[in-house]
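Visitor: Quick one: sequence and predicted model below, then my questions.
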Amino acid sequence: MTLNNIHKSYLAGLAKNLHFFGAITIPFFIDWLKVDYTKAFILQAWFVFWLFVLEIPTGVIADKFGRAISVALGCLLFGVDMLFFGLATNYYLLFVAEFLGAAGMTLMSGAEQALLYDSLIELQLEAKARLYLARYDAASTLGMLIAFPAGSLIAGSGNYPARLPIPFLMTAVAAFTAAGAFFWMSEPQRTKPQDGFIRMGVRGLQTLFWHKDLRAFVFNAVTISAVTFFGFWFYQPAAQRAGLDVKQLGFLGAGFNLFSTVLLANMKMLEGTFGIRRLLSFTAIIPAVLFLALGIVHKLGFVIPAFFLIVGCKLVRMPILSAFINQRIESENRATVISSVSLLERFLTFLLYPVIGFLADVSIDYALFLLGILCAAFAIATTLRDVHLAPGSHA
């Protein structure tokens with residue numbers, strides 16, 4: 001195998017993240033489907049519930065039958081989900097769509113990182129895993145950078161809101177293209193586990209809780225990521241409240257994704273400037289402060305840079321923590337254990353969705369305040385110490 005497998009992963013990651021709908025989800029629910037935040041977030045809670053239920057079984061499928069096949073099938077199912085959103089006008093039909101989408105996402109979760117990491121091992125490049133994972137995330141983010149403005153321009157032009165479903169159909173085409181790219185990748189040589197599905201799933205969860213060092217990274221990653229994830233939902237209503245229209249939302253989304261891409265492309269410089277421990281601490285505390293401030297300050301001149309930083313902090317943390325977590329997992333169970341990490345994050349997000357949705361219907365500011373408080377509490381409770389970051393540290 002040559003470096004082509006890594007290059008293919010960059011192309012596949014870009015296509016997978018051509019989310020043309022990404023900047024118009026809230027207008028789609030509010031202006032097209034005519035549902036409130038509570039209903040929109042109940043639908044998303046349903047989606048996350050199935051992510052939670054299917055996370056371990058699909059991780060086991062990736063470990064036993066192949067990571068490239070698992071991710072490709074996941075892209076196909078996600079594409080079908082997007083077709084439902086683009087074609088259906090009934091809110092309740094979207095529960096079927098989101099079940100299929102959840103199955104697709106869980107087939108990708110864990111397997112996506114495991115495929116790239118095992119490719120690096122085969123090429124003896126695992127020592128530079130953080131840099132390659134950062135480049136993969138940068139390529140994936142570039143997909144959103146391209147898709148967000150295109151989707152919002154199409155949705156906001158002409159007979160609004162009639163064009164709001166079109167970006168979902170465009171995303172479906174991109175997802176099917178990504179599926180072909182992942183099928184094109186070769187499967188790295190590795191030892192495949194012999195255990196059954198249930199035993200592997202249980203062992204994946206046990207691994208997270210038995211190993212103290214691994215647990216520290218997982219809890220830090222899961223809690224901060226779950227809270228900052230809501231930045232992707234609230235930048236749209238916050239920006240509209242500050243004066244942007246739907247056509248401009250995609251450029252804001254593209255802007256903070258470009259900012260994140262630049263940060264990820266300069267990961268080595270960031271680590272050298274701040275140190276890994278401080279970088280992880282700063283990227284946890286800064287979003288907490290900004291969420292709280294966004295509940296008070298509604299000026300566009302503050303809203304835009306605030307969401308730039310919230311998203312940038314979230315995305316910078318991911319490859320760093322992913323590399324540390326991967327270093328502490330055996331290859332044969334890698335996708336299953338990483339899926340266990342995603343499972344915990346999904347569960348926390350599932351719990352937050354109804355609460356945040358209810359608060360947003362009362363006041364967007366109340367929802368932002370709660371996100372800030374939670375982010376600060378998790379940042380303090382899961383602070384990583386130098387002992388966790390030491391090479392070869394274990395339980």
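Guide: That came in fine, so what should we check first?

Visitor: Please make it C-alpha for all contacts and neighbour counts, starting now.
Guide: Fine.

Visitor: Nearest the geometric middle of the chain, what residue?
Guide: residue 229 (7.4 Å; C-alpha atoms, centre = their mean).

Visitor: any idea how far it lies from residue 173?
Guide: Distance check for residue 229 against residue 173: by C-alpha to C-alpha, to the nearest Å, it reads 25 Å.

Visitor: Likewise for residue 96?
Guide: Counting by C-alpha to C-alpha - residue 96 and residue 173 are separated by 19 Å.

Visitor: Between these two, tell me which one has more neighbours.
Guide: For residue 96 versus residue 173, the count of surrounding residues by other C-alpha atoms under 10 Å is larger for residue 173: 18 against 14.

Visitor: Could you give me the buried positions within whichever helix or strand residue 121 is part of?
Guide: Element membership of residue 121, judged by DSSP states H and E, is helix 111-122. Buried residues in helix 111-122, counting neighbours by 16 or more other C-alpha atoms under 10 Å, are found at 111, 112, 113, 114, 115, 116, 117, 118, 119, 120, 121.

Visitor: Show me which of these is closest to residue 157.
Guide: Within the set of the buried residues of helix 111-122, residue 112 lies nearest residue 157; the separation is 35.4 Å, counting by C-alpha to C-alpha.

Visitor: Verify the stated contact: residue 182 with residue 14.
Guide: No. Between residue 182 and residue 14 there is no contact, the gap being 11.3 Å when judged by C-alpha atoms under 8 Å.

Visitor: Those two - which one has more neighbours?
Guide: Between residue 182 and residue 14, counting by other C-alpha under 10 Å, residue 182 is the more crowded of the two (27 against 24).

Visitor: Ignoring the adjacent residues along the chain, who's closest to that one?
Guide: Spatial nearest neighbour of residue 182, chain neighbours left out: residue 72 (5.2 Å); criterion: C-alpha to C-alpha, 6 or more residues apart in numbering.

Visitor: what does residue 47 give?
Guide: Nearest residue to residue 47 in three dimensions, chain neighbours excluded: residue 98, at 5.2 Å (C-alpha to C-alpha, 6+ apart).

Visitor: Tell me how many other residues surround the one you found.
Guide: If you count neighbours by other C-alpha under 10 Å, residue 98 ends up with 26.

Visitor: cool, and residue 385?
Guide: Neighbour count of residue 385, defined by other C-alpha under 10 Å: 12.

Visitor: residue contacts, it?
Guide: By C-alpha atoms under 8 Å, 6 or more residues apart in numbering, the contact set of residue 385 is residue 277.

Visitor: can you tell me how far it sits from residue 65?
Guide: The separation that residue 385 has from residue 65, given C-alpha to C-alpha, amounts to 37 Å.

Visitor: Residue 48 too?
Guide: Residue 48 sits 24 Å away from residue 65, taking C-alpha to C-alpha as the criterion.

Visitor: These two: who's more crowded?
Guide: More neighbours surround residue 48 than the other of residue 48 and residue 65, with 25 against 12 (other C-alpha under 10 Å).

Visitor: picking up where we left off before, of the buried residues of helix 111-122, closest to residue 78?
Guide: Minimum distance to residue 78 across the buried residues of helix 111-122 is 14.3 Å, recorded for residue 112 (C-alpha to C-alpha).

Visitor: Enumerate every residue touching that closest one.
Guide: Taking C-alpha under 8 Å, 6+ apart as the definition of contact, the neighbours of residue 112 are 67, 68, 71.

Visitor: Many thanks, have a good one.
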